[in-house]
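> Here is my input; please provide its structure:
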Amino acid sequence: MNRKKYYYEITDAAGEVMYMEIDAKPKDPKLLCEFLHIEGTVREITKQEYRESTEV
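Got it, this is the predicted structure:
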């Protein structure tokens, strides 16, 4: 069964950027920062943006 994926760009207080692909949409994306125990910002991105940003 294919589940819908959600893609997020997370920028921490130091300016470091990380990308996440998750199966469930959080009620508040800011909770991703709390889960990771970081101060930062979160923005939902498209699958295309995610792929471009995570290419090796």
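> When you work out contacts or count neighbours from here on, use the C-alpha atoms and nothing else.
Noted.
> Flag the shaky bits of the chain, pLDDT-wise.
1 (pLDDT under 70).
> max-length helix in the chain?
The longest helix of the chain (DSSP state H) is helix 47-54.
> which residues are contacting that helix?
Residues outside helix 47-54 that contact it (Cα atoms under 8 Å, 6 or more residues apart in numbering): 6-8, 19.
> and that helix, how far out from the chain's middle?
How far helix 47-54 lies from its chain's middle: 11 Å, per Cα atoms, centre = their mean, to the nearest Å.
> Okay, helices next: where are they in the protein?
31-36, 47-54.
> Next, format those as TSV and append distance to G15 and mean neighbour count.
Output for the helices of the chain, formatted as TSV (distance: least, Cα to Cα, whole Å; neighbours: other Cα atoms under 10 Å):
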stretch	distance to G15	mean neighbour count
helix 31-36	14	12
helix 47-54	15	13
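> which of the contacts of helix 47-54 count as buried?
Using 16 or more other Cα atoms under 10 Å as the burial test, the contacts of helix 47-54 include 6-8, 19 as buried.
> List just the nearest of the contacts of helix 47-54 to V42.
Closest approach between the contacts of helix 47-54 and V42, by Cα to Cα: Y8, at 6.6 Å.
> The closest one touches T41, doesn't it?
No: when contacts are counted by Cα atoms under 8 Å, Y8 is not listed as touching T41 (10.1 Å).
> Identify the farthest-apart pair in the contacts of helix 47-54.
Comparing every pair within the contacts of helix 47-54 by Cα to Cα identifies Y6 and Y19 as the most remote, at 10.7 Å.
> where exactly do the strands run in the chain?
In the chain, the strands defined using DSSP state E lie at 6-12, 17-22, 40-45.
> okay, these, which one's buried deepest?
Highest mean neighbour count among the strands of the chain (mean count of other Cα atoms under 10 Å): strand 6-12, with a mean of 19.
> In CSV, list the buried ones among the contacts of helix 47-54 along with distance to T54.
Converted to CSV, the buried ones among the contacts of helix 47-54 look like this (distance: Cα to Cα, whole Å):
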residue, distance to T54
Y6, 14
Y7, 11
Y8, 12
Y19, 8
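> need the contact list for the closest residue to E21 other than its chain neighbours.
Nearest residue to E21, sequence neighbours excluded (Cα to Cα, 6 or more residues apart in numbering): Y7, at 4.7 Å. Going by Cα under 8 Å, 6+ apart, Y7 touches 19-22, 44-47, 50.
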